[in-house]
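Q: Kindly generate the corresponding structure for this input.
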Amino acid sequence: MELTFKENDGKETTYTYTDPKYRTADYEEPVIRLKTGKTYQVTSHFYDKSNPDEIEDITDEVIEEKDAHFVEYRFHKVSIALTRRDGEEATDSDGIQIGVTTEWKVGEPSEGSVQQTLIHQPESKSTSDPLGNHVGGETDVEVLFDLIIE
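A: All right, here's what the predicted structure looks like:
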């Protein structure tokens with residue numbers, strides 16, 4: 001999984017989490033570093049690395065199958081206000097944004113983490129809480145990024 005953060009000035013920073021079974025010897029755990037008071041446009045990308053010789057970006061597949069996918073976020077020990085910013089292409093037939101594109105408004109300095117979960121075929125999904133909630137389905141991907149707000 002990969003998260004790309006874009007600042008208002010156009011600067012982009014990408015953080016990539018790799019499943020332990022596909023990591024190389026020089027892999028370093030990503031630590032997301034954000035600045036207090038800033039707003040970031042965040043885009044999620046999903047990859048299938050089951051064949052290391054042919055890593056496949058499956059983000060388009062997740063979007064194409066938007067009725068069968070949903071992304072949830074959980075922030076731990078950090079203050080971030082998340083807004084879903086998916087366009088029509090990533091909004092399901094019930095009008096629910098699946099959460100591939102989001103906006104993060106960063107609060108006070110702190111250290112914690114963000115957990116991001118891609119759910120496959122949830123029975124129901126809701127964005128009444130912008131972080132997202134679901135019932136049923138299976139977890140396709142679940143990652144935990146360390147996060148520092150400076």
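Q: Now do the strands in this structure.
A: Counting by DSSP state E, one finds strands in the chain at the ranges 2-6, 12-16, 31-34, 39-45, 47-48, 56-57, 69-76, 80-84, 101-106, 110-120, 124-126, 133-135, 138-149.
Q: Of all these, which one is nearest residue 94?
A: Distances from residue 94 to each of the strands of the chain were compared by Cβ to Cβ, and the smallest falls on strand 124-126, at 8.2 Å. All C-beta atoms are positioned from the backbone trio N, CA, C, and that covers glycine.
Q: What strands line up against that closest one, and which way round?
A: Each strand that pairs with strand 124-126, with its direction, by DSSP bridges: strand 133-135 (antiparallel).
Q: Could you check the strand it pairs with and say which residues are buried?
A: Across strand 133-135, burial judged by 16 or more other Cβ atoms under 10 Å covers residue 134.
Q: Pull the distance from it to the chain's centre.
A: Averaging C-alpha coordinates over strand 133-135 and over its chain gives two centres that are 16 Å apart (Cα atoms, centre = their mean, to the nearest Å).
Q: Likewise for stretch 122-142?
A: Using Cα atoms, centre = their mean, the offset of stretch 122-142 from its chain centre is 13 Å.
Q: Ramachandran angles for residue 127?
A: When read as degrees, to the nearest 10, the backbone of residue 127 gives phi -120, psi 20.
Q: related to what we said a few turns ago, would you mind putting the strands of the chain into JSON lines with distance to residue 95 and mean pLDDT alongside?
A: Listed next are the strands of the chain as JSON lines, based on distance: least, Cβ to Cβ, whole Å; pLDDT from 0 to 100:
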{"stretch": "strand 2-6", "distance to residue 95": "25", "mean pLDDT": "97"}
{"stretch": "strand 12-16", "distance to residue 95": "29", "mean pLDDT": "96"}
{"stretch": "strand 31-34", "distance to residue 95": "30", "mean pLDDT": "98"}
{"stretch": "strand 39-45", "distance to residue 95": "20", "mean pLDDT": "98"}
{"stretch": "strand 47-48", "distance to residue 95": "28", "mean pLDDT": "90"}
{"stretch": "strand 56-57", "distance to residue 95": "26", "mean pLDDT": "92"}
{"stretch": "strand 69-76", "distance to residue 95": "13", "mean pLDDT": "98"}
{"stretch": "strand 80-84", "distance to residue 95": "11", "mean pLDDT": "98"}
{"stretch": "strand 101-106", "distance to residue 95": "16", "mean pLDDT": "98"}
{"stretch": "strand 110-120", "distance to residue 95": "18", "mean pLDDT": "98"}
{"stretch": "strand 124-126", "distance to residue 95": "11", "mean pLDDT": "97"}
{"stretch": "strand 133-135", "distance to residue 95": "16", "mean pLDDT": "97"}
{"stretch": "strand 138-149", "distance to residue 95": "22", "mean pLDDT": "96"}
